[in-house]
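Participant: generate coordinates for the sequence data below:
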Amino acid sequence: MRYHTAWVEGAAAARKISSQLTMGKLTEQPLAELIREISFKGLSGTLRLEHERLQTAIYFDEGELIYAASNARTLRLREYLVKRGLLSENDQKLSKSLSDLNLAEALVRDGTFRQKDIDALMVILVSDILRVSLLWVDGSWDFDARARLLDPVSVKVDTGSLLREASQRLPIHFVSGRFRDPAERFSRAAEVSPNNSLSPPESFILSRLDTPLSLNELRQLSGLPEEETHRVIYGLALSHLVEREYWQNAFRTDLKQAGKRHPARQAAPSASSHSEQSNNWLTANVESEELEAFLERQEMATTHYEVLELPATANGTEIKDMYYAMARRYHPDRFHLKSGTKIHAQISSAFARVTQAYETLTNPNARAGYDRTLERTRQFAQAEAQRPKTNRSESTEDLSADARREASLKPAAYNFREGCAALDQGRTRAAITFLSNAARMEPQEARYRAYYGRALAADEGTRRLAENEFQAAVKLEPANADFRTMLAELYFDLKFHLRAQTEVDRALSIDPGHAAANMLLRKLEKSRKVG
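Facilitator: Model prediction:
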């Protein structure tokens with residue numbers, strides 16, 4: 001791939017008002033669906049998005065996504081080179097006046113980087129631009145079939161995986177809102193081949209589509225919560241693995257003939273070259289180092305502010321921006337190929353902390369309460385540090401002895417004990433904080449994961465995260481009836497009675513006399529009679 005400087009960026013050239021210009025709102029046609037439709041109809045042109053003050057331009061050639069650019073400073077090639085330590089921020093090569101394509105060409109031309117290394121970094125950059133833009137659920141878009149890149153640029157990104165990833169990260173109410181008819185039918189696409197990048201739920205649903213099924217039938221067969229079924233089907237349909245009956249189309253079909261393929265377009269890289277590109281030092285080693293550093297920082301963090309790497313004075317916009325920046329880089333869905341490994345458990349636990357911190361600090365009431373708790377802790381620590389070491393009363397000596405015993409415990413064990421106590425006292429937020437610390441420090445300790453799940457389930461705002469923790473505990477100790485009963489109780493509270501029944505049956509097969517499992521069994525029987 002060669003990078004040239006002639007890039008259609010002028011407002012007059014890129015935004016011509018003509019019969020080839022189509023526009024709309026992202027609330028009605030989100031980016032994921034626009035990419036799907038452009039790909040399906042083989043359209044060429046430029047799709048421009050605007051969300052608040054952010055803008056993205058995405059270029060297509062006969063349905064293939066070939067490039068994307070953003071006006072966000074953190075999503076520019078210059079920033080990526082500096083962040084990865086590949087060039088110094090003061091390097092004269094990093095002129096702020098150069099566009100990303102101009103800079104890429106200059107760095108290859110003067111021998112600073114090999115072509116394949118710049119290609120690999122451009123894949124990461126374009127993928128991250130898309131990850132950000134795919135989460136916009138408000139704003140505007142327009143598609144100009146006559147505005148396109150003048151030179152042979154083609155950055156090969158895995159749009160199918162990006163679209164399925166977006167379906168998992170979009171607000172659940174938004175995803176569910178894309179399904180309006182429970183009788184809508186779905187079928188497996190004609191040319192679906194085995195795909196190792198699919199998650200177990202995606203593979204399971206695909207395996208059930210030997211014949212077309214309605215949305216209701218798929219939900220019942222999947223055994224997943226209704227909203228999770230929507231997420232999986234939405235991602236499969238966006239990536240052309242599943243055909244759905246109804247799409248809200250944005251483009252006229254005759255736009256396909258609006259422009260011809262650019263004669264200078266180079267052929268797409270072969271599978272072998274793409275494999276080499278995705279495994280070189282930029283995409284593997286650098287991202288691996290970043291992930292390790294992120295996990296280390298999360299392990300050391302003791303407050304929500306440290307988790308998000310922000311000062312306590314950060315405002316709502318800064319918190320939101322940091323959360324989405326972390327989601328782009330470290331969301332567990334990006335590492336689904338590592339599913340079932342120790343590192344994936346660490347990533348999931350760390351990102352659960354990030355999500356918990358974000359949800360707490362973006363809720364004014366929750367943040368105020370959390371800040372008060374931090375202040376009380378600080379004052380207590382300060383008072384303890386200033387307390388005289390002599391002439392203490394007997395009760396003070398006893399308290400100091402307790403404090404010494406607590407300090408001698410492992411940090412994870414201490415957090416687990418404090419979290420369980422807080423949970424018993426109904427202090428849910430405090431319980432979540434302590435138990436998340438314990439689960440983060442020792443992710444392979446099943447009881448830490450299970451009780452962290454119980455704390456998450458006790459708060460409506462974090463209940464969706466509880467299932468992952470319960471399932472992790474069950475996977476670590478499959479013969480533990482307590483953990484299976486906790487998972488069953490969560491399903492019962494969410495009104496997923498079939499799944500609750502399955503877990504209760506498993507718990508009772510392990511321990512027929514299990515009191516909590518038998519109590520839940522009676523509740524399930526009663527609910528069936530009432531229903």
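
Participant: shaky segments in the protein?
Facilitator: 1-20, 92-96, 150-151, 191-197, 253-289, 336-340, 377-410, 530-531 (pLDDT under 70).

Participant: how does it divide into domains?
Facilitator: 1-157, 176-248, 287-465, 478-531 (automatic domain parsing).

Participant: need the ones you listed in CSV with distance to A472, can you?
Facilitator: (Each C-beta comes from the backbone N, C-alpha and C, glycine too.) Converted to CSV, those look like this (distance: least, C-beta to C-beta, whole Å):
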stretch, distance to A472
domain 1-157, 25
domain 176-248, 14
domain 287-465, 5
domain 478-531, 9
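
Participant: got the CA positions of stretch 445-453 in PDB?
Facilitator: Written as PDB, here are the backbone C-alpha positions of stretch 445-453 (Å, rounded to 0.1, in the frame of the first residue of the first chain):
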ATOM      1  CA  GLU A 445     -10.400 -17.700  43.700                       C
ATOM      2  CA  ALA A 446     -14.000 -18.800  43.000                       C
ATOM      3  CA  ARG A 447     -15.600 -17.500  46.200                       C
ATOM      4  CA  TYR A 448     -14.200 -14.000  45.600                       C
ATOM      5  CA  ARG A 449     -15.900 -14.000  42.100                       C
ATOM      6  CA  ALA A 450     -19.100 -15.400  43.500                       C
ATOM      7  CA  TYR A 451     -19.600 -12.900  46.300                       C
ATOM      8  CA  TYR A 452     -18.500 -10.100  44.000                       C
ATOM      9  CA  GLY A 453     -21.300 -11.300  41.700                       C
END
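
Participant: what are the contacting residues of it?
Facilitator: 412, 416, 419-420, 423, 432, 435-436, 438-439, 442-443, 466-470, 472-473, 476-477, 480, 482-483, 486-487, 490 (C-beta atoms under 8 Å, 6 or more residues apart in numbering).

Participant: thinking again about what came up before, so which of the domains of the chain gets nearest L163?
Facilitator: When those are compared by C-beta to C-beta, domain 176-248 sits nearest L163, at 4.0 Å.

Participant: following the host helix or strand of R328, which helix or strand comes up?
Facilitator: Here R328, judged by DSSP states H and E, is contained in helix 316-330. Next in sequence after helix 316-330, counting helices and strands by DSSP H and E, comes helix 342-361.

Participant: just want the angle from that next one to helix 316-330.
Facilitator: 170 degrees (axes from the mean of the first three to the mean of the last three C-alpha atoms, to 10 degrees).

Participant: helix 342-361 packs against which elements?
Facilitator: If you count contacts as 3 or more C-beta pairs under 8 Å, 6 or more residues apart in numbering; DSSP states H and E, helix 342-361 packs onto helix 287-300, helix 304-307, helix 316-330, helix 364-386, helix 428-441, helix 463-476.

Participant: residue closest to the middle of this protein?
Facilitator: Nearest to the geometric centre of the chain sits H331, at 4.0 Å (C-alpha atoms, centre = their mean).

Participant: that one touches A350, doesn't it?
Facilitator: No. Using C-beta atoms under 8 Å, H331 is not in contact with A350; the gap is 10.5 Å.

Participant: what is in contact with the two at once?
Facilitator: In contact with both H331 and A350: no residue, using C-beta under 8 Å, 6+ apart.

Participant: what's the closest non-adjacent residue to K25?
Facilitator: Leaving aside its sequence neighbours, K25 sits nearest to S140 (C-beta to C-beta, 6 or more residues apart in numbering; 5.9 Å).

Participant: so what's that neighbour bridging to?
Facilitator: K25, E50 (DSSP bridges).

Participant: so how far is S70 from it?
Facilitator: In this view, S140 and S70 are 16 Å apart by C-beta to C-beta, to the nearest Å.

Participant: what residues are up against Q471?
Facilitator: Applying C-beta under 8 Å, 6+ apart to Q471 gives the contacts L487.

Participant: same check on R48?
Facilitator: So R48 contacts 14-15, 55-58, 141-144 (C-beta under 8 Å, 6+ apart).

Participant: buried ones among those?
Facilitator: Among those, those scoring as buried are 14, 56-58, 141-144 (criterion: 16 or more other C-beta atoms under 10 Å).

Participant: before we move on, back to that, between the domains of the chain, which gets nearest to E165?
Facilitator: Using C-beta to C-beta, the nearest of the domains of the chain to E165 is domain 287-465, at 5.1 Å.

Participant: strands of this protein, residue ranges please.
Facilitator: Taking DSSP state E, the strands of the chain run over residues 21-25, 45-51, 54-61, 64-70, 140-144, 185-188, 213-214, 242-244.

Participant: what does the shortest one contact?
Facilitator: Translated: strand 213-214. Here strand 213-214 has contacts from 182-187, 221, using C-beta under 8 Å, 6+ apart.

Participant: re the thing from before, relative to L170, which of the domains of the chain is closest?
Facilitator: Nearest to L170 among those is domain 1-157 (6.3 Å), distances taken as C-beta to C-beta.

Participant: contacting residues around the residue lying closest to L209 once chain neighbours are set aside?
Facilitator: Ranked by C-beta to C-beta, 6+ apart and with sequence neighbours excluded, the top spatial neighbour of L209 is R188, at 4.0 Å. The contact partners of R188, by C-beta under 8 Å, 6+ apart, come to 206, 209-210, 241-243.
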